[in-house]
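In: next comes the sequence, and after it the predicted model I'd like to discuss.
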Amino acid sequence: MARRPFPDLRAACLGLAGLLGLALSGPAGATDEPAAGDGDPVIQAVAFGIAELPTGNGAGTGSQSPLFAATDAIGVPEKVAIQLSEVFAEEIDFHRDLGHGYLCTLVYEMYYPNGMPEAGRILAARIVTPDRRAEAYLFRDEAGAPIYFDAQGLDINKIVRLADPDQEPWLKTLTGASLTSAFRRSPLEFSRITSLPSAARYHPILKEWRAHRGTDYGAPIGTGVRATAEGVVTFVGTRNSYGKLVELRHFERYTTRYGHLSAYAPGLAAGVPVSKGQVIGQVGMTGLATGPHLHYELHADDGASPPDRLAFAIRAVPPAMQAGFQAVMAEQRRKFAYAERANRLVLRWPANAGDPPGPLPR
C-alpha cells in the first residue's frame, strides 16, 4: 500500500486534532527498566487520532488514508499500521469508518538489531470512533498460540466454528435465524422413510431379529445422496450387509454412514473433504436390501453430545486462563493511560449544528 505526503491532511491531523504519544522503553512487562538490548523489544505506547476530515468521508479523492496520515505524523512504522488494519479487519472498515474522527491507542514492539529500527508485533490496541469502540490484546491460548482477544475475552477475528456446549461451556455461543444447523435433517432432498432406527427389527432377508441402527429412506435408484454435514471421507467401498458404502467423519466426534448405494460421486476417496449438502453417491439396493433405498446412520463418540446440541460459537479465553488474561489486559490498559496523558491533548469531534463540541469518548 503506497503512501504519499499530503500537506493538507497532515495539517488537518496536527492542527484540527492534535497528536499525542509516549514511548515506554524496556522489555515487555518491565516498561520502567532501561532500554533493552538488540535481542529484546522496546515497548512503544502511543495515542493518535484525527478530527473529522474536511471531505467528511474516508480517504477522499486523491487524499491519504486517515490512518496513515496520523501514523506518518507521529512516526508509527508502516508495518505496525498495516498490522493494526489486519487486527481490526472484522471491526473497522479503514477505508470508510475513520473519516469522521477517531482515537487509536497502541502498544507495540520495536527491535534495534545492529542499531537499526525494526517493528515487531502489536501487543494491544484500542480504536474509538464516534459510533464504536474496539480493543484487542495479544494473549497465548491453551495451545500456546498467540491470539488477539477483545475486552470480553473473545477472538477478535470472530471466527465462527461449531462447538459442543457440554465440552466447552466457556465459548460464546451464537443464535439466530441466519445460522443453520450443523447437520441436515435428511440425506435426501425428497423421500419417504421406510424404516426408523430400532433396537431390534425382523430382517426381511436374513429372516431373523437383529439391531437396526439407522434410518432407511425409500427412493428411486440413482437419487442423489447428500452429506448431512461438513466432514472428511473415511471409507468408500463395499462392506458386508451395507453393500456399497460411504462413511464420513464430522467435527472429530461424529460418524455418518450411507449404505446400499448404487454408485459413488466422482473423485470420492478416503481423506477427501466434503461440504454439507454435497452429493456423495446415488441410492441403490446393493448389499442386504430388498428394494432401492438409502440406509443412513449417525453415530456420536462416547462423551459427545447429541448433534442437535452443537452450537455455533466464537473462540474465547478458557476459564482457567481468565486470571492471566485479565492481568495482561490491565497492564496494557495502564500503558494506554500513559500514552493518552502524554501531553494532555484531548481530541474533539466536530460539533453538529447547534451542539457544543464534546470530548473524545474514553
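Out: Noted; the coordinates are in hand. Numbers count the residues shown, from 1 in each chain.
In: make it CA atoms for all contacts and neighbour counts henceforth
Out: Will do.
In: element containing residue 291?
Out: With elements delineated by DSSP states H and E, residue 291 resides in a region that no helix or strand encompasses.
In: give me the neighbour count for it.
Out: 14 (other C-alpha atoms under 10 Å).
In: excluding chain neighbours, give the residue nearest to it in space.
Out: Setting aside the residues directly before and after it, residue 291 is nearest to residue 285 in space (C-alpha to C-alpha, 6 or more residues apart in numbering), at 5.7 Å.
In: so that neighbour sits against residue 295, correct?
Out: No: in this structure residue 285 lies outside contact range of residue 295 using C-alpha atoms under 8 Å: 9.6 Å.
In: of the two, which one has the most company?
Out: Looking at residue 285 and residue 295 with other C-alpha under 10 Å, you find the greater number of neighbours at residue 295, namely 27 against 21.
In: need the pLDDT of that one.
Out: We have a pLDDT of 91 for residue 295.
In: go through the host helix or strand of it and flag the buried ones.
Out: The secondary structure element spanning residue 295 is strand 293-300 (assigned by DSSP H and E). Of the residues in strand 293-300, those with enough neighbours to count as buried (16 or more other C-alpha atoms under 10 Å) are 293, 294, 295, 296, 297, 298, 299.
In: check stretch 83-96 too.
Out: Judged by neighbour count using 16+ other C-alpha under 10 Å, the buried positions of stretch 83-96 are 84, 85, 87, 88, 91, 92, 94.
In: any chance of the buried residues of strand 293-300 in JSON lines, with distance to residue 305 too?
Out: What follows is the buried residues of strand 293-300, written out as JSON lines (distance: C-alpha to C-alpha, whole Å):
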{"residue": "293", "distance to residue 305": "29"}
{"residue": "294", "distance to residue 305": "25"}
{"residue": "295", "distance to residue 305": "23"}
{"residue": "296", "distance to residue 305": "19"}
{"residue": "297", "distance to residue 305": "16"}
{"residue": "298", "distance to residue 305": "12"}
{"residue": "299", "distance to residue 305": "11"}
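In: with respect to residue 281, which of those residues is nearest?
Out: Distance from residue 281 was checked for each of these by C-alpha to C-alpha. The minimum falls on residue 294, at 10.1 Å.
In: can you report how many residues neighbour residue 274?
Out: Count around residue 274 with other C-alpha under 10 Å applied: 21.
In: no, scratch that, I was asking about residue 320
Out: 9.
In: all strands of the stretch 1-150 of the chain, in order?
Out: Chain-ordered strands for the stretch 1-150 of the chain, with DSSP state E, counting those that start in this stretch as the definition, fall at 20-23, 42-50, 102-111, 118-129, 132-140, 146-149.
In: list just the one of those that sits closest to residue 332.
Out: strand 118-129 (6.4 Å).
In: which other residues reach the closest one?
Out: 41, 77, 79-80, 83-84, 97-98, 100-112, 133-138, 332, 361-362 (C-alpha atoms under 8 Å, 6 or more residues apart in numbering).
In: angle of that strand against strand 42-50?
Out: Between strand 118-129 and strand 42-50, the angle comes out at 40 degrees (axes from the mean of the first three to the mean of the last three C-alpha atoms, to 10 degrees).
In: partner strands of strand 118-129, with direction?
Out: strand 102-111 (antiparallel), strand 132-140 (antiparallel) (DSSP bridges).
In: most packed of the ones you listed?
Out: Mean neighbour count (mean count of other C-alpha atoms under 10 Å) peaks for strand 102-111 among the strands paired with strand 118-129, with a mean of 24.
In: same list, the strands of the stretch 1-150 of the chain, but as JSON lines with distance to residue 245 and mean pLDDT please.
Out: Listed next are these as JSON lines, based on distance: least, C-alpha to C-alpha, whole Å; pLDDT from 0 to 100:
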{"stretch": "strand 20-23", "distance to residue 245": "65", "mean pLDDT": "46"}
{"stretch": "strand 42-50", "distance to residue 245": "59", "mean pLDDT": "89"}
{"stretch": "strand 102-111", "distance to residue 245": "55", "mean pLDDT": "92"}
{"stretch": "strand 118-129", "distance to residue 245": "50", "mean pLDDT": "94"}
{"stretch": "strand 132-140", "distance to residue 245": "43", "mean pLDDT": "94"}
{"stretch": "strand 146-149", "distance to residue 245": "41", "mean pLDDT": "93"}
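In: for residue 221, which of those is the nearest?
Out: Set against residue 221 and scored by C-alpha to C-alpha, the strands of the stretch 1-150 of the chain come closest in strand 146-149, at 50.0 Å.
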